[in-house]
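J.: Pasting the sequence and the predicted coordinates here, then a few questions.
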Amino acid sequence: LKLLLLGNSITQGWGGNRKAVSYKPGKTVMDNAIGKDQWESAGISGDRTQNLQWRIRHGNYNSAHPKNAIIAIGINDLIGENET
């Protein structure tokens with residue numbers, strides 16, 4: 001895997017190969033730029049920074065072994081209730 005994208009709904013929108021994600025407007029662009037099956041989006045709609053930190057700390061991505069990772073997270077922290 002050349003690239004793993006981590007983040008929220010913006011990242012999820014790139015697509016990837018996850019069957020649970022049906023809306024993938026960026027998949028064709030990424031397949032052409034990076035290569036089909038050479039990247040994956042692990043974005044989850046509604047995620048906040050602490051959600052992604054938990055998954056990283058608990059090894060949810062250990063099997064991916066990406067050469068590179070891009071993290072785009074934080075917008076949901078700005079609009080959430082009780083955030084400090």
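T.: Noted; the coordinates are in hand. Residues are numbered from 1 along each chain as shown.
J.: Can you show me the helices along this protein?
T.: Using DSSP state H, the helices assigned to the chain run over residues 9-12, 27-34, 49-57, 75-79.
J.: now these as CSV including mean pLDDT and mean neighbour count?
T.: The way it works is simple: take the backbone N, C-alpha and C, and place the C-beta from them, glycine included. What follows is these, written out as CSV (pLDDT from 0 to 100; neighbours: other Cβ atoms under 10 Å):
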stretch, mean pLDDT, mean neighbour count
helix 9-12, 94, 19
helix 27-34, 95, 14
helix 49-57, 93, 14
helix 75-79, 88, 13
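J.: closest one to residue 21 among these?
T.: helix 9-12 (6.1 Å; Cβ to Cβ).
J.: Give me the phi and psi angles of the closest residue to residue 35 other than its chain neighbours.
T.: If the residues on either side of it in the chain are set aside, residue 35 comes closest to residue 2, at 6.8 Å by Cβ to Cβ, 6 or more residues apart in numbering. Phi and psi for residue 2, reported as degrees, to the nearest 10, are phi -80, psi -40.
J.: Can you convert the helices of the chain into TSV and add a column each for distance to residue 66?
T.: TSV is the format used below for the helices of the chain (distance: least, Cβ to Cβ, whole Å):
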stretch	distance to residue 66
helix 9-12	14
helix 27-34	11
helix 49-57	12
helix 75-79	23
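J.: Residue 40 is nearest to which of the ones you listed?
T.: So among those, helix 27-34 is nearest, using Cβ to Cβ, at 9.6 Å.
J.: got a list of contacts for that closest one?
T.: If you take Cβ atoms under 8 Å, 6 or more residues apart in numbering as the criterion, helix 27-34 is touched by 2-3, 14-16, 39, 41.
J.: now for those, which pair is the farthest apart?
T.: Counting by Cβ to Cβ, the most remote pair of those is 2 and 15, 15.2 Å apart.
J.: Fine, thanks again, bye for now.
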